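>>> okay, here's the prediction I keep looking at, along with the sequence it came from:
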Amino acid sequence: MPRAAAAAASKAKAKAKRKDTSEEADEVLVLSQQSGSSDDHGNMLAVVAQQMQVSWEKKKKDKEAKFLQVAKREVDKIVTQHADRFSNAVEEINTVYEQFVAEYAAAEDEIRALWTAIAKEQQAFIELAMEKKESGLHREKEREESQLDGMASCKRACEDLGSLITSLTGAL
């Protein structure tokens, strides 16, 4: 906003100077018309008026050139500032992105390590379950064999008791 005010003030000054120069040219023209008594004097006034007109145009061109130079410098300065801000923003974005990528890679590594640990524990669990199954089957077989031995012993004991009873009853 301050630039707009400065530009408006600059335009107002330039307009006032053009008005002053224009008024001077008008005065010379009026003076030349009032003094129509002498051709030399009229010619001289015409030459002076022409010189003032040329001088005024030259000053106008110089002022315009100076204004354009100042405007170009101002525009260049603003463009440079915006380019610097843009470059800084791009650098900041790149820094944040690199940080994100590094954190993301670290998180992925941590997740991969957790999955690897889970897989190892699962394999250990499978091996333990297989050992328990084998152990259970082995104990089942041993129990079955022990029961068969026990039943065979019971059967022999019953047979021996039956023969003892028969031999004792036959002796009486």
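All right, it came through fine. Numbering: from 1, shown residues only.
>>> in this protein, which helix or strand is least confident?
Ranked by mean pLDDT, DSSP states H and E, the helix or strand of the chain with the weakest confidence is helix 2-34, at a mean of 56.
>>> quick one: distance of the helix or strand just after it to the chain centre.
Downstream of helix 2-34, the first helix or strand assigned by DSSP states H and E is helix 39-170. Centroid separation for helix 39-170 versus its chain: 14 Å, with Cα atoms, centre = their mean, to the nearest Å.
>>> which elements pack onto helix 39-170?
When contacts are defined as 3 or more Cβ pairs under 8 Å, 6 or more residues apart in numbering; DSSP states H and E, helix 39-170 packs onto helix 2-34. For glycine as for every other residue, the C-beta is placed from the backbone atoms N, C-alpha and C.
>>> can you pull the buried residues of stretch 48-56?
Neighbour-count burial for stretch 48-56, counted by 16 or more other Cβ atoms under 10 Å, picks out 49, 52, 56.
>>> which stretches of the protein have low pLDDT?
1-39, 171-172 (pLDDT under 70).
>>> near E64, how many other residues are there?
A count of nearby residues for E64, using other Cβ atoms under 10 Å, gives 11.
>>> please begin residue numbering at 480 from this point
I'll keep to 480 as the first residue from here, and by that count the last item is E543.
>>> contacting residues for it?
Neighbouring residues of E543 by Cβ atoms under 8 Å, 6 or more residues apart in numbering: there are none.
>>> for it, give its distance to K556.
20 Å (Cβ to Cβ, to the nearest Å).
>>> go on, L524?
Here the distance between L524 and K556 works out to 47 Å (Cβ to Cβ).
>>> next: V549.
From V549 to K556 the distance is 11 Å (Cβ to Cβ).
>>> I597 too?
Taking Cβ to Cβ as the measure, I597 falls 61 Å from K556.
>>> burial measure for A584, as a count.
Neighbourhood size, A584 [other Cβ under 10 Å]: 10.
>>> ditto for the one 3 residues further on
Around E587 sit 10 other residues, with neighbours defined as other Cβ under 10 Å.
>>> next one: the one 5 residues further on
Residues near A592, counting by other Cβ under 10 Å, number 10.
>>> and what of G521?
By other Cβ under 10 Å, 14 other residues sit near G521.
>>> and the gap between the residue nearest in space to the middle of the chain and Q626?
What sits nearest the mean C-alpha location of the chain, by Cα atoms, centre = their mean, is I572, with 4.7 Å. Distance, I572 to Q626, by Cβ to Cβ: 79 Å.
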